[in-house]
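**Q** got a structure for you, letters missing:
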């Protein structure tokens, strides 16, 4: 009877250790996915900021050239250069 009780306890301990390892693996995977998501979010934000900073001055010149006839200064904004 004592031997069967010890075997039962050993089996329960092994099962609990297996579950603990599985939980650690799942936790590690979830953390890695979260970190990957944050990296993508940061890279996307940086790319958007750089793109906007680069395009905004060019866009402003384009709008000034398109609307220069309204202000009567067509000759001034005829070329970007």
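**A** Okay, I see it. In this text, all values refer to a predicted model and were calculated from it rather than measured experimentally.
**Q** what segments of the protein are helices?
**A** With DSSP state H as the criterion, the chain has helices at 2-71.
**Q** OK, contacts around residue 1?
**A** By CB atoms under 8 Å, 6 or more residues apart in numbering, residue 1 lies in contact with nothing. To be clear about C-beta, it is placed using only N, CA and C from the backbone, and glycine gets the same treatment.
**Q** how close does it get to residue 21?
**A** Using CB to CB, to the nearest Å, we find residue 1 at a distance of 31 Å from residue 21.
**Q** same check, this time on residue 42
**A** Using CB to CB, we find residue 42 at a distance of 32 Å from residue 21.
**Q** likewise for residue 48?
**A** For residue 48, the distance to residue 21 equals 41 Å [CB to CB].
**Q** swap in residue 39?
**A** From residue 39 to residue 21 the distance is 27 Å (CB to CB).
**Q** please apply the same query to residue 72.
**A** 78 Å.
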